[in-house]
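Chemist: Got a sequence here, can you build the structure:
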Amino acid sequence: MFSFSTKKVSVVVSISTNHISYVIVDKDSDGFFVVHYEEAVLPEGIIEKGEILKAEALTNILKKIRSTISEHVPSKRKVEYSLLLPHHYFRYEAIPLTLSPEEKNRKEYVQQFLKDNSDTYPWVTNHSYTFHYSQEAQELYISALNNDMYSSYRSVFQTAGYVDVNIESSTTACGILLNDQPLASLVLFGEDFSYLIGYRNGHRVSSQKFEISYQRFVSDIVRGLRIEPSVARKIISDYGVSRAHKDSKVYTQLMRSLTPLLDLLRKKKIVSKHPLHVWYLNTPIIAMEEVIEKRVGIEVKELHPLNIPTHNFHEVLTMHKDESYRYSLLLAYAMVNTQ
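Modeler: Numbers count the residues shown, from 1 in each chain. Model (predicted):
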C-alpha cells in the first residue's frame, strides 16, 4: 500500500496542439510512485502553434483535471504544479561569464547582465526566462519563452484554479537525468518526428529536428508492403529495425530513413567517451541502439526515468510499462520536484 510521506506532491501537465496529459507523482520510503495519470485529445482549434485560440475551452478542461486531482491528493498536501510545453517553443542560450556571482545575488546579477547586454541578447525584452548557473563551467544556461505565450498559459491556469505553475520546456526533463555528464547527446524519438539534442552539464545547448519517427517507419512499411497501417505498426513493434523483417525491401527502406541521423552523428564525431542516449516516447524500437552503434561506432544507451538507479520507482507500478514511455518526460520532471 502506497503512503503519502513527502511535504508536497508533484503534478506535471503536458500540453501540445493536439493532446493534454498529466501525472501525479509522490514518494515514500520505497521510492516514487504514480498516484494517477490521464491523457486526452484536445479538440481542434483550441491551440494552434502554441497560441491559445480558445482560452475558455482550455480553462474548462483544466478545471475538470484539477477536480480529478483533488480526488487523488489529500487536501492537506501541498501540490506543486508544472506545465511542460514543446521545447521548440523556447529559445536557449549558453552564456559564458567571467565573474562568478554569489548565489544570494545571482538573480539580480543575471537580470542586470542581460539588460546591459541587450544588443547581444535582444530577446530579453519580450521573453520570460529561467536560468541555471554552472559554477564549475562558469556558464549561464537560459531557457526563454515569449512573453505573450507565457502570459496566456499562466492566465488560463490561474483562471482554472492552479497556483504558482512552473512553465518549462519538455526537454528540461531529459537534461535533469543527464546532469552528471559534462557533455551528452540524446535522440528524442517521437510519434511524428525526432530531435538530436545536445546537453552540457544537463542543459540543452543544441537541437536538430529529423523526420524519422514511429509514423515515418510505419509509412515506409505501408509503402513497401501495401498493407494497413495497423498491421505495419505491429510489424514495427515485433521487429523494429532489426534484420528479422521478412521482406528485405522493408529493412532497406527503414535503413534509408535512418540515414540522415546516422550521417549527422558521423559528422559530429560523437566519440565513445560520451555515449549517445535514446529516449523513446512510445514503445522502444527493437535494434535501434545496435544499428546506431554498428554504423556510427559509438556507444548507445536507452534513457528512461524508470531505469535511473538514483531515482527508484516502486517495483509494482500503477502504470503499465508501455504507457510509461508516453508519460516519460512528465515522470522525469516530477521525480526531481517530489521531495
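Chemist: My guess is Glu302 contacts Leu276. True?
Modeler: No: Glu302 is beyond contact range of Leu276, at 10.4 Å (criterion: CB atoms under 8 Å). To be clear about C-beta, it is placed using only N, CA and C from the backbone, and glycine gets the same treatment.
Chemist: These two: who's more crowded?
Modeler: More crowded of Glu302 and Leu276, by other CB atoms under 10 Å: Leu276, with 22 against 14.
Chemist: okay, the nearest residue to Val278 once chain neighbours are set aside: pLDDT?
Modeler: Closest residue in space to Val278, ignoring its immediate chain neighbours: Val187 at 4.8 Å, by CB to CB, 6 or more residues apart in numbering. pLDDT recorded at Val187 is 94.
Chemist: Val187 and Leu97, how far apart?
Modeler: According to CB to CB, to the nearest Å, Val187 stands 30 Å off from Leu97.
Chemist: and those two? which has more neighbours close in?
Modeler: Legend: neighbour count by other CB under 10 Å for Val187 and Leu97, higher for Val187 (23 against 15).
Chemist: Centre of the chain to stretch 262-282, how far?
Modeler: Taking the mean of its C-alpha atoms, stretch 262-282 sits 17 Å from the chain's own mean (CA atoms, centre = their mean, to the nearest Å).
Chemist: what's the answer for stretch 137-146, then?
Modeler: Worked out by CA atoms, centre = their mean, stretch 137-146 lies 17 Å from the chain centre.
Chemist: can you check stretch 96-113 too?
Modeler: Taking CA atoms, centre = their mean, one finds the center of stretch 96-113 at 28 Å from the center of the full chain.
Chemist: Over to stretch 298-308?
Modeler: Distance, centroid of stretch 298-308 to centroid of chain: 14 Å (CA atoms, centre = their mean).
Chemist: Compute the first-to-last residue distance for it.
Modeler: One end of stretch 298-308 sits 21 Å from the other (CA to CA, to the nearest Å).
Chemist: so Glu80 sits in a strand?
Modeler: Yes: counting by DSSP: H, G, I helix; E, B strand; the rest coil, Glu80 is located in a strand.
Chemist: bridging residues for it?
Modeler: Note on Glu80: beta-bridge partners Ser10, judged by DSSP bridges.
Chemist: Spell out which helix or strand contains the residue nearest to Val278, please.
Modeler: strand 183-189 (DSSP states H and E).
Chemist: how about the CA coordinates for that strand, as PDB?
Modeler: What follows is strand 183-189, C-alpha atoms only, in PDB (Å, rounded to 0.1, in the frame of the first residue of the first chain):
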ATOM      1  CA  LEU A 183      28.600  16.600 -22.400                       C
ATOM      2  CA  ALA A 184      25.700  14.400 -23.600                       C
ATOM      3  CA  SER A 185      23.700  13.700 -26.800                       C
ATOM      4  CA  LEU A 186      20.200  12.500 -26.900                       C
ATOM      5  CA  VAL A 187      17.900  11.300 -29.700                       C
ATOM      6  CA  LEU A 188      14.300  12.000 -28.600                       C
ATOM      7  CA  PHE A 189      12.300   9.600 -30.700                       C
END
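Chemist: if we can go back for a sec, quick one: the residue nearest to Val278 from Ile212, how far?
Modeler: Noted for Val187: a distance of 9 Å to Ile212, by CB to CB.
Chemist: which residues are common contacts for the two?
Modeler: Each of Ser194, Leu261 lies in contact with both Val187 and Ile212 under the rule CB atoms under 8 Å, 6 or more residues apart in numbering.
Chemist: Show me the helices in the stretch 51-200 of the chain, by range?
Modeler: 55-72, 106-116, 147-159, 172-176 (DSSP state H, counting those that start in this stretch).
Chemist: so which of those is the most packed in?
Modeler: Highest mean neighbour count of these: helix 172-176, a mean of 23 (counted as mean count of other CB atoms under 10 Å).
Chemist: Give the other helices and strands that that one contacts.
Modeler: Where contact means 3 or more CB pairs under 8 Å, 6 or more residues apart in numbering; DSSP states H and E, helix 172-176 is packed against strand 194-200, strand 203-210, helix 328-337.
Chemist: Out of those, flag the one nearest Ser128.
Modeler: Smallest distance to Ser128 across these (CB to CB): 17.1 Å, for strand 203-210.
Chemist: Compute the inter-axis angle for that closest one and strand 183-189.
Modeler: 40 degrees (axes from the mean of the first three to the mean of the last three CA atoms, to 10 degrees).
Chemist: elements contacting strand 203-210?
Modeler: Going by 3+ CB pairs under 8 Å, 6+ apart, strand 203-210 lies up against strand 90-96, strand 139-146, helix 172-176, strand 194-200, helix 248-268.
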